[in-house]
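1. Here is a sequence with its predicted model. Questions after.
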Amino acid sequence: MKSLNTQGARILATGSAVPELCVNNFKISEMVETSDDWIVTRTGIKERRVLTGINKSVVDLASLASIRALNKISMDPLEIDLIILATSSPNDLFGSASQVQAKIGANKAVAFDLTAACSGFVLGIVTGAQFIQNGSYKNILVIGADVLSKWTDWSDRSTCILFGDGAGAVIIQSCSIEKNGILGFQLNTDGEKSDQLSIPYRNKEKNQTISICKGEFDFIQMNGKEVYKFAVSKVPLSILTCLHSLCISPKDISWLLLHQANERILYAVAERLSIHSSKLISNLHKYGNTSAASIPLALDEALKNKRIKDNDLIVISGFGAGLTWGTVVIKWKC
């Protein structure tokens, strides 16, 4: 765990965006052998949003979420110094952050992609805070956005029921240490289990002249049982380690905001921490697993609903492909 204690950083504004098309469980049951009751019982998901349109991409959702965050505080996009786009479904394999930069008119900002799947937004927050801590930048836009529908096998019952598309954005700004809102973090990776959740590359052709293989990426592959065991064992430990380093007790936590993967995971993690389920922030039932977008999407919605108050302590934890997992503790500042 590293503590961010030399320069203050706080979340100034949030924004989110989801596609218009809503696909409920009854529609899914027309594509694969399943039912609304089966999906809800095992995942807690009732519907998800899916991006449609040939020319639509993660850039559109990320840009809209960013503009909504900027508009909340009437900030000129030219004031943004850095854009971090956490995504595993870029519009361009070289990266899509630069496209977001151009689309929102943040022409003075440095922009890059960060790929850590469902942990991406947490790593994006931590990365952005480092740039503020060392005095490099003042205003940083961190976006979590994914359109995993494009990488979903809609004939695979084990995965097509889970994923949806969306985007969430936050603006982090430097501040005095007295107003610091990002208290600390804990990050981990276990690459030996990367095959438990992946979008693997497959060799398809071989150029005989120079022996170069040409291939493509497959659909999402997931070992659901192993991912569940990983999440419910590693995430509570990550949270406890981070809280211990900050001398904070789980009972002092106002809100627990986890990556929205599966309702069973959310409740299992809360139970292991002895945190009451009423402190869980969740909108999983409406959007499904939106990967890097899930945490900022849920955060923005909770703020819109005025659930989060000044000085509330929020534990945020992401986990997923890599395998990666991480926690960041935030003290909300209005």
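-> Perfect, thanks for sending it.

2. isn't residue 79 right up against residue 141?
-> No: in this structure residue 79 lies outside contact range of residue 141 using CB atoms under 8 Å: 9.9 Å. The way it works is simple: take the backbone N, C-alpha and C, and place the C-beta from them, glycine included.

3. Comparing the two, which residue is more hemmed in?
-> residue 141 (33 against 16; other CB atoms under 10 Å).

4. Would you check how far apart the more buried one and residue 10 are?
-> 14 Å (CB to CB, to the nearest Å).

5. Strands of the stretch 151-300 of the chain, residue ranges please.
-> With strands called from DSSP state E, counting those that start in this stretch, the stretch 151-300 of the chain shows them at 165-175, 182-189, 197-198, 201-207, 212-217, 221-222, 255-258.

6. Which of those has the highest mean neighbour count?
-> Neighbour counts (mean count of other CB atoms under 10 Å) averaged over each of the strands of the stretch 151-300 of the chain peak at strand 165-175, with a mean of 27.

7. Tally up the residues packed near the residue nearest to residue 77 when sequence neighbours are not counted, please.
-> Among residues not flanking residue 77 along the chain, residue 106 sits closest, at 4.0 Å (CB to CB, 6 or more residues apart in numbering). Neighbour count of residue 106, defined by other CB under 10 Å: 25.

8. ditto for residue 27
-> Residue 27 has 14 neighbouring residues, counting by other CB under 10 Å.

9. what's the answer for the one 5 residues further on, then?
-> Other residues within reach of residue 32 by the criterion other CB under 10 Å amount to 14.

10. Quick one: residues contacting it.
-> Residue 32 makes contacts with 154-157, 160-161, as judged by CB atoms under 8 Å, 6 or more residues apart in numbering.

11. at 10 Å what do you get?
-> Shown in contact with residue 32 (CB atoms under 10 Å, 6 or more residues apart in numbering): 153-158, 160-161.

12. Most neighbours among these, please name it.
-> residue 161 (23 neighbours).

13. For the closest residue to it other than its chain neighbours, grab phi and psi.
-> Nearest non-adjacent residue to residue 161, counting by CB to CB, 6+ apart: residue 39, 4.9 Å away. The phi/psi pair for residue 39 (degrees, to the nearest 10) reads phi -70, psi -50.

14. Report the beta-bridge partners for residue 166.
-> Beta-bridge pairing for residue 166 (DSSP bridges): residue 146.

15. Fine, thanks again, bye for now.
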